[in-house]
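# just coords:
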Ligand SMILES: O=C(CO)COP(=O)(O)O
């Protein structure tokens, strides 16, 4: 069963117009394996500029633009929020939702994340739904319970069928920005659990849904991680701010067959 392989850059609250230009120029000649897609997710003020720069570099056919968040509301008196239609106006195709930093710092609940996933899907955006356990939860052997509790509200809200338009990103919180990557075996075991969790509800959907790994992925460890059966690419933080390193990571993605 073929499913898409995706390498996505999460710039978080970093980057500049200079990096937008540098990244677009750098990615223009990127050679990707079949079935591999690359998505760059800068902060909202850079979305339109990134779209324009990728078009200018003739890179928009193989590189997509993603946002890091979206409002669950459509429009109106929600100061500071950004709607799906605003993202569409910037030709955004993907949106990261439920990142652990939004869950822990901005107190987004799994129910709110589920609403956002629905709003994004209804607007034709592809959600990159982030799930992951903390170090304390892993130590307490609660990883599977935590992941299930993050997935279930989304399944309840949108239905399992719509997971054919969702990308999951497994990001163990203890591996984010710490340099402590999950070992390929450990990541594979957790990805296998996520796929089985979906498969117990719908086998076909589980086989089709890309599950990315995120957490201290870099040019050195990407190949071993991406070669795991149930790892369909990565969500890259720090290493996605360096054009050359990000290109190495994109090239390490081989695509599934
Ligand atoms: O949170 C991440 C991507 O969303 C991972 O960040 P790092 O790659 O910097 O660990």
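Done, it's in. Quantities reported herein were computed from a predicted structural model and do not represent experimental measurements.

# How far off centre is stretch 141-157?
The chain centre lies 17 Å from the centre of stretch 141-157; the measure is CA atoms, centre = their mean, to the nearest Å.

# Stretch 156-165 now?
Put simply, stretch 156-165 sits 17 Å off its chain's centre (CA atoms, centre = their mean).

# got the end-to-end distance for it?
15 Å (CA to CA, to the nearest Å).

# Likewise for stretch 48-65?
Stretch 48-65 has an end-to-end distance of 9 Å (criterion: CA to CA).

# before we move on, what about stretch 231-241?
OK, stretch 231-241 end separation, CA to CA: 22 Å.

# any idea how far residue 60 is from whichever residue of the stretch 101-250 of the chain sits closest to the ligand?
Closest contact between the stretch 101-250 of the chain and the ligand, by CB to the nearest ligand atom, is at residue 237 (2.2 Å). Any C-beta I mention is one placed from the backbone N, CA and C, and that applies to glycine too. Distance, residue 237 to residue 60, using CB to CB, to the nearest Å: 23 Å.

# who's more crowded, these two?
Neighbours were counted for residue 237 and for residue 60 using other CB atoms under 10 Å; residue 237 has more, 22 against 18.

# what's the pLDDT at the more buried one?
We note a pLDDT of 98 for residue 237 in this prediction.

# Check residue 35 too.
pLDDT, residue 35: 89.

# Now it. Nearest residue, chain neighbours left out?
Spatially, and ignoring its direct neighbours in sequence, residue 35 is nearest to residue 255 (3.8 Å; CB to CB, 6 or more residues apart in numbering).

# which bits of the stretch 1-150 of the chain sit near the ligand?
Residues of the stretch 1-150 of the chain lying close to the ligand (CB under 6 Å from any ligand atom) are 10, 99.

# Now do the helices in the stretch 1-150 of the chain.
17-27, 47-56, 84-89, 100-104, 110-122, 135-139, 143-158 (DSSP state H, counting those that start in this stretch).

# will you turn those into JSON lines that also has distance to residue 175, mean pLDDT and mean neighbour count?
Formatted as JSON lines, those follow (distance: least, CB to CB, whole Å; pLDDT from 0 to 100; neighbours: other CB atoms under 10 Å):
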{"stretch": "helix 17-27", "distance to residue 175": "24", "mean pLDDT": "98", "mean neighbour count": "18"}
{"stretch": "helix 47-56", "distance to residue 175": "26", "mean pLDDT": "98", "mean neighbour count": "20"}
{"stretch": "helix 84-89", "distance to residue 175": "28", "mean pLDDT": "98", "mean neighbour count": "17"}
{"stretch": "helix 100-104", "distance to residue 175": "10", "mean pLDDT": "97", "mean neighbour count": "18"}
{"stretch": "helix 110-122", "distance to residue 175": "20", "mean pLDDT": "98", "mean neighbour count": "20"}
{"stretch": "helix 135-139", "distance to residue 175": "9", "mean pLDDT": "95", "mean neighbour count": "14"}
{"stretch": "helix 143-158", "distance to residue 175": "12", "mean pLDDT": "98", "mean neighbour count": "18"}
